[in-house]
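**Q** sequence first, then the predicted structure:
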Amino acid sequence: MISMMRALIYRTVELLKKRVRENLDRINQNQAEIKELLNQRLSAERTYYIEKYYDLNKAILTENNDYINLQLTLLNFIQKYKDSPALEEIDLPDLNSESYLDENEIFDLTIQGKLSFDLSHPKFGDEAFFHKLLGYFTATENYEKCNDLLNLKKELRS
């Protein structure tokens, strides 16, 4: 089972990645603006706006560097302490993983085996999620996993 802390760290890394991609899109937009400005005749106004876009891109690149460094730090932390019982024992009782992970993220972690589908799974009682999971393992011809899921449900009903 994936710990709450580990799930939060992975979610943070994903949000940081998303922010880096958004920043790169913004830099590309700024570069397009600079290209347009370079087609205009030389003027103090043109120079001002070009410098403004360069400064903005520089700030965004610095921000991206910080975001990437933070991602690496978090991933290195998880890797370094992956077997640490302390990391597994961290409990945040006021939080549930559904608050921090959307259904697709929970599904992905589940099919990857990083989140065990058992009584403590955040979507364990959700029949639609169960059928989606079963459908995935059927489509990928992982019949052993399908059998495990069906047996788990069968055990709980008896």
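**A** Arrived safely.

**Q** domain parsing of the chain, as residue ranges.
**A** 4-89, 102-157 (automatic domain parsing).

**Q** now those in a markdown table, with mean pLDDT and mean neighbour count?
**A** C-beta: built from backbone N, CA, C; applies to glycine. Shown next, in a markdown table, are these (pLDDT from 0 to 100; neighbours: other Cβ atoms under 10 Å):
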| stretch | mean pLDDT | mean neighbour count |
| --- | --- | --- |
| domain 4-89 | 90 | 13 |
| domain 102-157 | 85 | 14 |
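
**Q** and the end-to-end length of stretch 115-126?
**A** By Cα to Cα, to the nearest Å, the extent of stretch 115-126 from end to end equals 15 Å.

**Q** phi, psi for Leu42 please.
**A** The phi/psi pair for Leu42 (degrees, to the nearest 10) reads phi -60, psi 130.

**Q** i'd like the first residue to be 52 from this point on
**A** Let's use 52 as the start, then, which means that last one is Leu93.

**Q** tell me the SS of Glu65?
**A** helix (DSSP: H, G, I helix; E, B strand; the rest coil).

**Q** does anything pack onto the lengthiest helix in the chain? Which helices or strands?
**A** Longest helix in the chain by number of residues (criterion: DSSP state H): helix 95-131. When contacts are defined as 3 or more Cβ pairs under 8 Å, 6 or more residues apart in numbering; DSSP states H and E, helix 95-131 packs onto helix 55-89.

**Q** show me what the helix it packs on is packed up against.
**A** helix 95-131, helix 148-151, helix 154-162.

**Q** CSV please, covering those helices and showing distance to Leu75.
**A** Compiled in CSV, those are given as follows (distance: least, Cβ to Cβ, whole Å):
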stretch, distance to Leu75
helix 95-131, 7
helix 148-151, 25
helix 154-162, 22
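
**Q** contacting residues for Gln122?
**A** Val64, Leu67, Lys68 (Cβ atoms under 8 Å, 6 or more residues apart in numbering).

**Q** swap in 6 Å and give it another go.
**A** Each residue near Gln122 by Cβ atoms under 6 Å, 6 or more residues apart in numbering is listed here: Val64, Leu67.
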